[in-house]
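Q: What follows is a predicted protein model with its sequence.
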Amino acid sequence: SQKIEQNSEALNIQEGKTATLTCNYTNYSPAYLQWYRQDPGRGPVFLLLIRENEKEKRKERLKVTFDTTLKQSLFHITASQPADSATYLCALGPGGGNKLTFGTGTQLKVEL
Amino acid sequence: DVKVTQSSRYLVKRTGEKVFLECVQDMDHENMFWYRQDPGLGLRLIYFSYDVKMKEKGDIPEGYSVSREKKERFSLILESASTNQTSMYLCASSFPSGHTDTQYFGPGTRLTVL
C-alpha cells in the first residue's frame, strides 16, 4: 500500500538557519507533490507544488526538491524565523477522484 | 480570496447523539472532502464528493455519512456519536484540474464526545 513518511520528531533550529524537512514515499508514482503549512488548531494552508518532471521549485524563502528516483522530496526554509514555526505536511497526488494522500507532518520550531 | 467555512470551531456532544458538521465553500469547487486529524495519525479521509449528490468513501467511512445537496455545502453526519470519534475534523475543497488538485481547508471543528 502507499506510504508517506515524514519525520515524526520535531525539528528545532536557530533563527537564521536553513530548515530542511524530508518527505519519503513508497508504492507510489505521484504526478506531483505538494507542501502545506498547518498552525495549531487551524487547517492546513497550501504552500508549494512540484511536478514529477521538475527537480526544484522556489518561492521566496522556500525551496522544494523532488527526486522521483529516490522517492523523496526535501522542503527548505532559508533564513528561518520564529514565525515559520508550524507543522509542515507533504501530500502526493493525484489519487482517484482528485484525492491527495497526506503525510503525518513534521513540526518545526525556530528558536531565537 | 478563497474561503472554506465550518459551522463550529468547538463542539461537545454526548455519546449516542446525532452530530452534524457543516462546511461551505465560496469558490465554486466541484470537489469537497472531510478529514479527521489525530495526533500521530495525520489527516485521514472520511468521505469526499466530486459533484452535487455524489459521494465516495474515503479510508475511514465507518460511523459517518455525508450529504451534498448543493455545490457549495458538504455536511458530515455522525449518526450516533462515540467517544472514539473525538477528533479534529477538517473540511477541504478543490477544483478538479487533475494537474494540481490543491486543497483549500476550513479552520477545523474540534469535536469532543463525552
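A: Everything's here; your move.
Q: How much space separates the nearest residue to A:Leu112 once chain neighbours are set aside from chain B?
A: Spatial nearest neighbour of A:Leu112, chain neighbours left out: A:Glu15 (5.5 Å); criterion: CB to CB, 6 or more residues apart in numbering or on different chains. All C-beta spots, glycine's among them, are computed from the backbone N, C-alpha and C. Between A:Glu15 and chain B the distance is 27 Å, computed by CB to the nearest CB, to the nearest Å.
Q: Next, the contact list for the residue of chain B found nearest chain A, please.
A: Proximity of chain B to chain A (CB to the nearest CB) peaks at B:Phe105, 3.1 Å away. With contact set as CB atoms under 8 Å, 6 or more residues apart in numbering or on different chains, B:Phe105 has these partners: A:43-45, B:4, B:90-92.
Q: Distance-wise, check the residue lying closest to it once chain neighbours are set aside relative to A:Glu9.
A: In space, B:Phe105 comes closest to A:Gly43 once its chain neighbours are excluded; the distance is 3.1 Å by CB to CB, 6+ apart. A:Gly43 is 23 Å from A:Glu9, where distance means CB to CB, to the nearest Å.
Q: So for those two, which sits in the more crowded spot?
A: A:Gly43 (22 against 7; other CB atoms under 10 Å in any protein chain shown).
Q: Can you classify that one as helix, strand or coil?
A: coil (DSSP: H, G, I helix; E, B strand; the rest coil).
Q: Next: A:Tyr28.
A: From three-state DSSP, the assignment for A:Tyr28 is coil.
Q: Start from the N-terminal end of chain A and give the strands.
A: Applying DSSP state E to chain A gives strands spanning A:3-6, A:11-14, A:19-26, A:32-38, A:45-51, A:56-59, A:62-67, A:72-77, A:86-93, A:101-102, A:106-111.
Q: burial of the residue nearest to A:Leu112, as a residue count?
A: Neighbours around A:Glu15, by other CB under 10 Å: 13.
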